[in-house]
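Asker: Got a sequence here, can you model it:
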Amino acid sequence: MYVREWAAYLQHSDALIGLPLGVAGVMLLFGGWRIWKGAVVLSFGLLGALVGIAIGGDRQQEMLYGAIGFLVAGGLSMPPVFYAVGVLGGIIGAGMVNYFAAQAGLVGAVLWIATAIGAITAGALSFINLRQVIIVITSFEGAVLVLSAIVALLSLERGLHGFFNQMAFESAIFIPFVMLVPTVCGVLLQSADAKQKDFSLAPR
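Answerer: Here you go, the predicted model:
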């Protein structure tokens with residue numbers, strides 16, 4: 001539901017919004033692990049903004065509640081930023097499990113039990129393997145931003161805009177697949193970069 005609303009919002013916004021989204025997405029894809037603290041704080045801020053927008057009324061209230069949510073959630077994540085990675089991993093895991101479980105037809109209590117299991121599992125893995133999870137999270141966020149930039153820029157071309165709409169709304173796996181490719185590429189590139197840095201710092 002939120003994916004479609006976000007895509008619709010981007011398609012009706014100024015296409016130039018795609019430029020900063022694309023730049024930020026590329027930065028996260030190629031070097032997110034190097035700026036992971038800022039990325040985690042920004043991620044919590046964006047989650048807080050989404051919650052604020054969801055509970056806001058008219059457009060003016062949405063902007064106000066979104067700004068408040070951004071500041072509160074981002075601020076709360078700063079002191080325990082290492083623990084925040086585990087919480088963020090759990091939230092993303094829960095969201096992914098919820099999306100795919102809903103697509104598979106799960107509803108009601110079963111859907112939320114599966115979501116809770118996904119949150120607990122992803123959160124635990126995030127605490128155990130901090131760097132690798134940071135790489136995965138920043139790659140995923142970079143992929144989301146790059147895809148968002150593409151959607152915004154597609155509004156300039158009616159034919160491509162219509163094709164994207166058709167594929168996104170008629171195929172349940174189109175958006176996850178499009179996001180998976182850059183996410184995997186980002187994970188591989190960042191993992192290689194991190195290993196290269198570890199090797200260069202290793203005593204000889």
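Asker: now the helices for the protein?
Answerer: With DSSP state H as the definition, the chain shows helices at residue ranges 2-11, 18-31, 36-55, 59-77, 81-103, 108-128, 130-154, 158-170, 174-201.
Asker: so of these, which one's packed in deepest?
Answerer: With neighbours defined by mean count of other C-beta atoms under 10 Å, none of the helices of the chain is more surrounded on average than helix 130-154, at a mean of 22. Where C-beta positions appear, they are placed from N, C-alpha and C, glycine not excepted.
Asker: got the angle between it and helix 108-128?
Answerer: Angular relation of helix 130-154 and helix 108-128 on a 0 to 180 degree scale: 120 degrees, by axes from the mean of the first three to the mean of the last three C-alpha atoms, to 10 degrees.
Asker: Helix 130-154 - what's its average pLDDT?
Answerer: Mean per-residue pLDDT for helix 130-154: 83.
Asker: likewise stretch 71-79?
Answerer: Here the mean pLDDT over stretch 71-79 is 79, rounded to a whole number.
Asker: and the gap between the residue nearest to the spatial centre of the chain and A192?
Answerer: With the centre of the chain defined as its mean C-alpha position, the nearest residue by C-alpha atoms, centre = their mean is E141, 3.7 Å away. Between E141 and A192 the computed distance is 19 Å (C-beta to C-beta, to the nearest Å).
Asker: for G75, same thing?
Answerer: Computed with C-beta to C-beta, the distance linking G75 and A192 is 34 Å.
Asker: I'd assumed G38 was in contact with M78.
Answerer: No - with contacts defined as C-beta atoms under 8 Å, M78 does not count as touching G38, sitting 9.9 Å away.
Asker: Which residues are in contact with each of those two?
Answerer: Taking C-beta atoms under 8 Å, 6 or more residues apart in numbering as the contact criterion, M78 and G38 have no common neighbours.
Asker: who's in contact with stretch 35-47?
Answerer: Counting by C-beta under 8 Å, 6+ apart, stretch 35-47 makes contact with 27-28, 32, 69-71, 73-74, 76-78, 81, 84-85, 88, 91, 134, 137-138, 141, all of which sit outside it.
Asker: Apply 10 Å and report the result again.
Answerer: 24, 27-28, 31-33, 66-67, 69-78, 81-82, 84-85, 87-88, 91-92, 95, 130-131, 133-135, 137-138, 140-142, 144, 190 (C-beta atoms under 10 Å, 6 or more residues apart in numbering).
Asker: who touches the closest residue to V87 other than its chain neighbours in this structure?
Answerer: Closest residue in space to V87, ignoring its immediate chain neighbours: G123 at 6.6 Å, by C-beta to C-beta, 6 or more residues apart in numbering. If a contact means C-beta under 10 Å, 6+ apart, then G123 has V85, G86, V87, L88, G89, G90, I91, I92, G93, A94, V133 as its contacts.
Asker: Alright, calling it a day.
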